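Visitor: Following is a predicted model, sequence given first.
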Amino acid sequence: MTTQTVEFILSGRTQRKRRWYTVTGILAALAFVLMWAMLLLGNTIYPVQDVIRVLFGEQVSGASFTVGTLRLPRMLSGVLAGFAFGIAGNTFQTMLRNPLANPNVIGITSGSSAAAVFCIIILQASNSVVSIAAIIGGLVSVLCLYFLSRSKGKSFSIGRVILVGIGLQAMLNAVVSYLLLIGAEQDIPAAIRWLSGSLNGIQMEEITPMFLIVLICSPILIVLGKQLSILELGEQAATSLGVRTDQVRMALVLSAVGMIALATATTGPIAFVAFLSGPIAKRLVGAGMSNVIPSGLVGINLVLASDLIGQFAFDVRYPVGVITGIIGAPYLIYLLIRMNRKGDL
């Protein structure tokens, strides 16, 4: 290898790193601006200094309740849920080497939702029980997807995983519809908030479990980001490069499902955030660099921006999941058409 070749490789690596830091910094700055917009904007627009005083624990007439009790939990839940959906969705898409392989499409989110709605409507369970049930529901969905996608004598097919996942999602959505039909009238609003994906009415104590799971699982996904990129090359290539594929894949799946399940338990299944974050981050960051953190930041920006649009862009206020659904549905249709033409489905 000549000196010029080495210099060319090092120069390319430096450029990719510079682009990664630039994109990540811009996404973080945009998220910071949107976070402040969530705190400042509303029926009453408070000065920045009043908001800062509330954040430091001072009592400010009017602002303490509006900012501290209503807007702050809403903003924090949007940040945590957006980061969880974004980073977990990117994990599944990269690991399965397919942009359709995200928790919304392959039934994982629906599994968490069905379990949570069952607890809300049938058991009238507490929020902690709902969160635990959501995690179990997500894990059971993953196991069902794995076993139903296996086929004797045939090689592993990602397309088969997608099709089975879509069928699993349809079945679980039917279960949710049935539960809504038989549920008591007083329990239906809580379940509907779930299904629409909303940040409305979230209290600070509901955020704690999601904060803990993000704090525990996101470092695992970030640390395993390099191995995740290698898994994208395929099973044989990853094994030859020294990756313990089974252990790494298990850690990735458990961490991603845990984040998705608890985020869903808190905010409901906010549509298409997990689906859009990875591809957007990959397009911004470019090839050759991990887009785990950028995917989480894209998720934060999607959730916060969509919630602000839902609150202030129309005469009627819409839940954040409605806005993200409007954004993501056309992209899903485009991907299905493209994959069908390529023969991947």
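Guide: Arrived safely.
Visitor: What is the least confident helix or strand in this protein?
Guide: helix 235-240 (a mean of 71; mean pLDDT, DSSP states H and E).
Visitor: Only alpha carbons, please: show that one as CSV.
Guide: Only the C-alpha atoms of helix 235-240 are listed here, as CSV (Å, rounded to 0.1, in the frame of the first residue of the first chain):
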residue,chain,number,x,y,z
GLU,A,235,-23.9,-13.3,9.2
GLN,A,236,-20.8,-14.9,7.6
ALA,A,237,-18.9,-11.6,7.2
ALA,A,238,-19.7,-10.6,10.8
THR,A,239,-18.5,-13.9,12.2
SER,A,240,-15.3,-13.8,10.2
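Visitor: So which elements touch it?
Guide: With contacts taken as 3 or more Cβ pairs under 8 Å, 6 or more residues apart in numbering; DSSP states H and E, helix 235-240 sits against helix 225-231, helix 245-267. Using the backbone N, CA and C atoms, a C-beta is placed for each residue, glycine as well.
Visitor: buried residues in it?
Guide: A238 (16 or more other Cβ atoms under 10 Å).
Visitor: cool, stretch 224-235 as well?
Guide: Under the neighbour-count criterion of 16+ other Cβ under 10 Å, stretch 224-235 has L224, G225, Q227, L228, S229, I230, L231 buried.
Visitor: Please report the distance of the residue nearest the centre of the chain from I309.
Guide: For the chain, the residue nearest the mean C-alpha position is F85 (0.8 Å; Cα atoms, centre = their mean). F85 is 17 Å from I309, where distance means Cβ to Cβ, to the nearest Å.
Visitor: Tell me who's in contact with the residue nearest to the centre of the chain.
Guide: P103, M259, I260, A263, I270, V273, A274, S277, G299, V303 (Cβ atoms under 8 Å, 6 or more residues apart in numbering).
Visitor: following the helix or strand in which it is found, which helix or strand comes up?
Guide: Using DSSP states H and E, F85 sits within helix 72-95. As assigned by DSSP H and E, the chain's next helix or strand after helix 72-95 is helix 108-118.
Visitor: Show the subsequent helix or strand relative to that following helix.
Guide: Assigned by DSSP H and E, the successor of helix 108-118 is helix 127-149.
Visitor: Quick check: buried residues in the helix or strand that contains I327?
Guide: Assigned by DSSP H and E, I327 falls within helix 320-342. Neighbour-count burial for helix 320-342, with 16+ other Cβ under 10 Å as criterion, is recorded at V320, G321, V322, I323, T324, G325, I327, G328, L332, L335, L336, M339.
Visitor: Skipping its backbone neighbours, what lies nearest the first one in space?
Guide: The spatially closest residue to V320, leaving aside those adjacent along the chain, is D307, at 4.2 Å (Cβ to Cβ, 6 or more residues apart in numbering).
Visitor: Against R317, how distant is that neighbour?
Guide: 10 Å.
Visitor: So for the two, which sits in the more crowded spot?
Guide: D307 (30 against 12; other Cβ atoms under 10 Å).
Visitor: if I pick that one, what's in contact with it?
Guide: Contacts of D307 by Cβ under 8 Å, 6+ apart are M38, R74, G78, L199, V320, I323.
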